[in-house]
Structure formats: C-alpha cells, structure tokens
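# I would like to see how this sequence folds:
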Amino acid sequence: MTSLIITMLLLSTAYYVFEIDKNVADNPTAVDYAFLATKLSTLNTIVSALANVSNGGERAILMANLNELSSAIRSHSYDAECLLLFTPLDSPQYQDGIETSWGSSGLGISSAYVGFSLNVTGLSVSYYSEFETNVTAGLNIDGSFTGSGSEKSVNATCRVYDEKGLALASDITLFYQNETSGAWISLSPSNSLNITDYGDGTYFMSFNVNTQNVLNLSAHVHDSRGIFVMANVTCSMA
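Prediction:
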C-alpha cells in the first residue's frame, strides 16, 4: 500500500511538470522526467503486488494494481493522452507475471515480470517507449552438520538476492526437520542459534539440534521490501 501511495505522488508531480511545460516539444527534459517517474512507478507497483502475493495474497492483485496505475497515469494527463499498456509474462516459470519457486534444493525465487509500452500523444508532443520491469527476491541456502549420536552442530550459509544481485534481508526464520516426513520445528534460543550478518546479503548461521542422520533445513526470508521467499535443503555431514 505504501508503494502505491508513493507511486501516485510521483505521477502527480511528474505529469504536472510535463503538462505545464509549454515548450515540451523542444524540451525533452519534461518528457524524460515523466518517463522516468512512470518507470519507477511500475517498479513500486510490482514490488507492492509481489510482496502481497508472496505473503499469501491472490495473484490477481498484480493485474489490479497495474490497472490502477494505468488509470492514474491517464487521469493525470490533460493536454496529452498518456496510455500505459502492460503484458504480464506467461511462460513455463511465470503465470500471470509471477513466479514463486520455493524448492527443496536450496534455491527459492519470488519474482514478477511485466512488459510495458508508454504512448503519449498530444498537440505539442508525441512519444512512445517500450520497457520491461522485473522484481525478484531470491534465496540460496546450504548447510552441513557434525556430531555423533543424535546431538548435532549445524553450520549454514544463506544468501539473499534481488534482481540486481546480493541484497539485505529484513528477517530470517529457520526451521528443521529430523525425519524426511516429520514435522518442521522452529529454531529457538534453546538451539543456541546465532546469525552473523556480513552486511552484503550473506548470512552465516550456527545452531544445535537433536536429530538422526537426516537433517532438512528450511529458511523463510523477507527481503527489505517485504517480499517473502523460502527454500529447503538437506544438510550434509561435514
């Protein structure tokens, strides 16, 4: 919701500058500013939708948010008609523009991908541009354990990504499973859990658990934008 409010404020300012510039045909600055604000607005809109969907919301929220954005752009245009058209990606990985792949091989992805076209026509300006906006939260986790009997010491490394590379997490919650079909158990202070934040999206975790020779680990992460992603991995014996 916050991202959408910021989006509307950006659009109001950008298209106000765009509309009041009497020499817009000879001054590309206003056009460029409006385009950059539009592109940033698509990013904020998709972030808001993906955060909603990845935390259990309906996929339809992406289309609803994009329709609201397109309507806002059109309603803030007066001397020119500004049309923002969008096509969410459909592929083997993406359905309705969204991919949530939370696997058991240590890799998790929450992503949204949308193609856009911006068409501006008026008495003093004609402008057309196509661009794509991708928002991704990725997670990679691996781990190993030592110890004899049922008492194990575990070391794990978690790396968080966004569409640009390594990124910070706002929170990480760990669960373990000591039988392949057993219940997932949340780690607590009694497990001597320690998380070291290296400040670049890499997190080192150590803890103790009582388990047999199978140890499955699950990391649940929210990135700094509130997008949720998770991944499971079977830890190896060190």
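
# mind listing what Ser170 touches?
By Cβ atoms under 8 Å, 6 or more residues apart in numbering, the contact list for Ser170 reads His222, Asp223, Ser224, Gly226. Where you see a C-beta, it was placed from the backbone N, CA and C, and this is true even at glycine.

# next structured bit after the worst-scoring helix or strand of the chain on mean pLDDT?
Ranked by mean pLDDT, DSSP states H and E, the weakest helix or strand in the chain is helix 2-20, scoring a mean of 45. Counting by DSSP states H and E, the element after helix 2-20 in chain order, helix or strand, is helix 28-54.

# could you list the buried residues of that following helix?
30-31, 33-35, 37-38, 40-54 (16 or more other Cβ atoms under 10 Å).

# quick check: beta-bridge partners of the closest residue to Thr42 other than its chain neighbours?
Ranked by Cβ to Cβ, 6 or more residues apart in numbering and with sequence neighbours excluded, the top spatial neighbour of Thr42 is Thr133, at 4.6 Å. Counting by DSSP bridges, Thr133 forms beta bridges with Val114.

# and the gap between Thr133 and Val221?
Separation of Thr133 from Val221 (Cβ to Cβ, to the nearest Å) stands at 22 Å.

# same question, Asn210
Applying Cβ to Cβ, the value for Asn210 to Val221 is 25 Å.

# what is the subsequent helix or strand relative to the helix or strand encompassing Ser144?
When elements are assigned from DSSP H and E, Ser144 belongs to strand 126-146. Downstream of strand 126-146, the first helix or strand assigned by DSSP H and E is strand 151-162.

# tell me the strands beside that next one, with direction?
Here strand 151-162 is paired, per DSSP bridges, with strand 126-146 (antiparallel), strand 165-166 (antiparallel), strand 202-210 (antiparallel).

# show me the contacts for the spatially closest residue to Asp90 that is not a sequence neighbour.
The spatially closest residue to Asp90, leaving aside those adjacent along the chain, is Asp96, at 6.9 Å (Cβ to Cβ, 6+ apart). Counting by Cβ under 8 Å, 6+ apart, Asp96 touches Arg59, Ala60, Leu62, Met63, Pro88, Asp90.

# taking helix 28-54 as reference, get the angle to the strand holding Ser144.
Strand 126-146 and helix 28-54 are oriented at 40 degrees to each other (axes from the mean of the first three to the mean of the last three Cα atoms, to 10 degrees).

# gap between strand 126-146 and the chain center?
On the basis of Cα atoms, centre = their mean, to the nearest Å, strand 126-146 sits 7 Å off its chain's mean C-alpha point.

# quick check: mean pLDDT across that strand?
Here strand 126-146 scores 93 as its mean pLDDT.
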